[in-house]
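Chemist: Below are the sequence and a predicted model for it; my questions follow.
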Amino acid sequence: MKKLLASREILLLVAIGVLLAIISLRFPAFVAPANLLVVFNDTSPLILLAIGQMIVILTKCIDLSVAANLALTGMVVSLVNIMAPGLPVLFIIIIAIGFGTLLGMINGLLVWKLAIPPIVVTLGTMTIFRGTIFLLTKGKWVNSHEMSDAFKAVPRTDVLGLPILSWIAIAAVIIFSIMMTRTPLGRAFYAAGGNPHAATYAGINVGKTQFWAFTISGAIAGLTGYLWVSRFAVAYVDVAGGFELTVVAACVIGGVSIMGGIGTVYGALLGALFLGIIANALPVVNISPFWQMAISGGAIIVAVVLNAQANRTKGRIILKRAEHAT
Amino acid sequence: MTTRSIPDRLQSPLERSLKSWESLLLLVAIGIFVANSFASPYFLNAWNLSDATFNFTEKAMIAFAMALLIISGEIDLSVAAIIALASTAMGAAAQVGVGTEGLVLIGLAVGLACGAFNGFLVTGLGLPSIVVTIGTMSLFRGISFIILGDQAYRGYPPEFAYFGQGYVWWVISFEFVLFAVIAVIYAVLLHMTNFGRAVYAIGNNATGALFSGIRVGRVKFTLFLLTGLMSGVAAICLTSRLGSTRPSIATGWELEIVTMVVLGGVNILGGAGSVPGVVIAAFVMGLVTFGLGLLNVPGIVMSIVIGLLLIGVIALPRLWSIWKVR
């Protein structure tokens, strides 16, 4: 019971509950179930990306190219849609996942085969992906009227009262929580990040595991790219600009340790929901959206401090000052 | 039978410096210079070349401090956000009639304060610098957005324009002189003082450095302070040159600065690098962007080039060594 109470997910769930309670004091309509579903739907892309990012961070890496991957894949499928408006959406989704996977593999190969630090790789590919969108389009936008109706309809179609976008996020949470806890690859992600040396001795190829983490993150970013572009019915160079930081923020708030090896799918989900609720509540509470950036920055710092406190008590510290040096 | 040549004597100092990263980079710089002067008839013009220096002087000032920080094994991704916050603070002060000296003091003070905040979080609380500075990056710029929103500050005092637009002698701008002075200061600091040796020692083995009596935390804190201070200096120059402040000022500079440092031969994992290397890298990047600009290449395409450079300079030596082993 004590362990359950101390767990990061429960704490975060309580924090979200308190946040909703405070908002509902002034604006009861915000916590109406219908509105909460809208908030969830609005947060779905963030949930998807946060799950992918969590897997990457678990392996001691970071993927700053997710938003650029999303934008590039979104643009590619929009262009495919313009060239072949009759192509069934199922193929569009396959292209989106495939293309995103390819971009993720590029990151993964550079990290695995050339052992380049992930932050350098993904900072680089981030600008390269965004630049490529410009090269593809000469900076032009793909607007709503150029996209086919079927292309735009999918994420908004209601199934059992929820849009498909929400269902995809729910499916991702279920699939990945099973994968992370019940499959060898899922456990390998934890092992590779928690203790790379021990993982190597246990027969896990750390580099290859990181490669798969980037590949999964890329695949999710690609799928989200299609969903994003079709939902907002517009594709341009700066789609989701700076969103990679929000995604990292969601993970850090969700208790994913940036040092690797610690984190859960539910943590990422709750971290994303926390930021999603704030983003949706700001205009309701009549605070300028310009506060958003500073709030997520502050939330990252608070979350990192809390994470560090929570993980510190493990083991006996023999040389306290040496701990700080590393 | 494969024969392996074992050198029967040490390389001469001359030979060693000829084979160094810096001399390779210098060759690249000269190559780009020659290529540019053939590619565009407007390149070899004293005033144009003088203008070209503005492409890198402000970034390079920060890059020197960042080089020391990266050599010590840390990183600061919030530098561009510090520029935004310092510039916003100066803009706000200029609105209420603060004079040039006051504005300079405010710019430096905000830079120092931000650096101290980063330094405290990293060395005082023992948090990983990548996440901390991703957090402060959105916090600092977020505060600028809260203050300014979609507005801009103008109306700086006329004397304030000297820092970014003034010329010391003929085509030699004030910024270029400042850049050169700062380069010399950092070269002396890193290569000729105990402090500089401590920076290398920490980057190679922080625990070892601690046990040999180096105050690791204090040195790192100083480096964060210096990085903040240089961001403040760059903010003064940039604000003075543009004559206005928007919260989106210097967006994406952190990437270009890190690229400059890595291109200059600094090991992104810490422990190795030199100030002359960063100086040459600054010229290389300035010449590339200026040359492409003369050929009417849009900025976003240049960012692809920067991204490729960043990954390429690290990947090529590693590909080379893999290829050589085979």
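Modeler: Arrived safely, thanks for sending.

Chemist: Please, where are all the helices along the stretch 201-326 of chain A?
Modeler: For the stretch 201-326 of chain A, applying DSSP state H, counting those that start in this stretch gives helices covering A:206-232, A:243-253, A:265-284, A:291-312, A:320-325.

Chemist: Point me to the residue of the stretch 151-300 of chain A nearest chain B.
Modeler: Residue of the stretch 151-300 of chain A nearest chain B, by Cβ to the nearest Cβ: A:A294 (2.7 Å). Every residue, glycine included, has its C-beta placed from N, CA and C.

Chemist: for that residue, what are its contacts?
Modeler: For A:A294, the contacting residues are B:138-139, B:141-143, B:145-146, by Cβ atoms under 8 Å, 6 or more residues apart in numbering or on different chains.

Chemist: ditto for B:M61
Modeler: Applying Cβ under 8 Å, 6+ apart, the residues near B:M61 are B:178-179, B:182, B:230, B:233-234, B:237.

Chemist: could you point out which element follows the helix or strand encompassing it?
Modeler: Per DSSP states H and E, B:M61 falls inside helix B:57-71. Using DSSP H and E, the next helix or strand after helix B:57-71 towards the C-terminus is helix B:79-95.

Chemist: I'd assumed A:L70 was in contact with A:V239.
Modeler: Yes: between A:V239 and A:L70 there is a contact at 7.0 Å, judged by Cβ atoms under 8 Å.

Chemist: circling back to that earlier point, any chance of the helices of the stretch 201-326 of chain A in a markdown table, with mean pLDDT too?
Modeler: A markdown table is the format used below for the helices of the stretch 201-326 of chain A (pLDDT from 0 to 100):
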| stretch | mean pLDDT |
| --- | --- |
| helix A:206-232 | 95 |
| helix A:243-253 | 88 |
| helix A:265-284 | 90 |
| helix A:291-312 | 81 |
| helix A:320-325 | 52 |
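
Chemist: Among these, which comes closest to B:A92?
Modeler: B:A92 sits nearest to helix A:291-312 of all the helices of the stretch 201-326 of chain A, at 15.9 Å, using Cβ to Cβ.

Chemist: Show me the strands in the stretch 51-200 of chain A, by range?
Modeler: Secondary structure of the stretch 51-200 of chain A by DSSP state E, counting those that start in this stretch: the strands cover A:158-159, A:162-163.

Chemist: so where is the stretch 1-150 of chain B shaky, pLDDT-wise?
Modeler: Low-confidence regions of the stretch 1-150 of chain B, defined here as pLDDT under 70, cover residues B:1-19.

Chemist: pretty sure A:L162 contacts A:L37?
Modeler: Yes: if you go by Cβ under 8 Å, A:L162 and A:L37 touch, sitting 6.7 Å apart.

Chemist: Tell me where chain A is predicted with low confidence.
Modeler: A:1-6, A:310-326.

Chemist: Swap in 50 and give it another go.
Modeler: Applying pLDDT under 50 to chain A picks out residues A:1, A:325-326.

Chemist: and the gap between A:I62 and chain B?
Modeler: A:I62 sits 7 Å away from chain B, going by Cβ to the nearest Cβ, to the nearest Å.

Chemist: how about that residue, phi and psi?
Modeler: phi -150, psi 140 (degrees, to the nearest 10).

Chemist: how about the strands in chain B?
Modeler: Here chain B has its strands, by DSSP state E, at B:167-169, B:172-173.

Chemist: and A:I295, how many neighbours?
Modeler: Residues near A:I295, counting by other Cβ atoms under 10 Å in any protein chain shown, number 19.

Chemist: Can you give me every residue that contacts it?
Modeler: Residues near A:I295 by Cβ under 8 Å, 6+ apart: A:278, B:142.

Chemist: rerun that using 6 Å as the cut-off
Modeler: If a contact means Cβ atoms under 6 Å, 6 or more residues apart in numbering or on different chains, then A:I295 has no contacts.

Chemist: Quick check: it vs A:V77, distance?
Modeler: According to Cβ to Cβ, to the nearest Å, A:I295 and A:V77 sit 32 Å apart.

Chemist: Now stretch B:48-57: buried residues?
Modeler: Within stretch B:48-57, the residues scored as buried using 16 or more other Cβ atoms under 10 Å in any protein chain shown are B:49, B:52-57.

Chemist: which other residues reach it?
Modeler: Contacts to stretch B:48-57, defined as Cβ under 6 Å, 6+ apart, come from residues B:42, B:171, B:175-176, B:179, B:282, B:285-286, B:289-290.

Chemist: Distance to B:A152 and neighbour count added to those residues, as TSV?
Modeler: Shown next, in TSV, are the contacts of stretch B:48-57 (distance: Cβ to Cβ, whole Å; neighbours: other Cβ atoms under 10 Å in any protein chain shown):
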residue	distance to B:A152	neighbour count
B:Y42	31	10
B:V171	30	15
B:E175	22	26
B:F176	27	17
B:F179	27	23
B:A282	28	27
B:M285	28	27
B:G286	27	22
B:T289	25	20
B:F290	26	23
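
Chemist: Residue 209: neighbour count?
Modeler: In the absence of a named chain, this looks at chain A. 24.

Chemist: wrong one, chain B
Modeler: 22.

Chemist: what about the closest residue to it other than its chain neighbours, distance to chain A?
Modeler: Closest residue in space to B:A209, ignoring its immediate chain neighbours: B:A201 at 4.2 Å, by Cβ to Cβ, 6 or more residues apart in numbering or on different chains. Distance of B:A201 to chain A, given as Cβ to the nearest Cβ: 11 Å.
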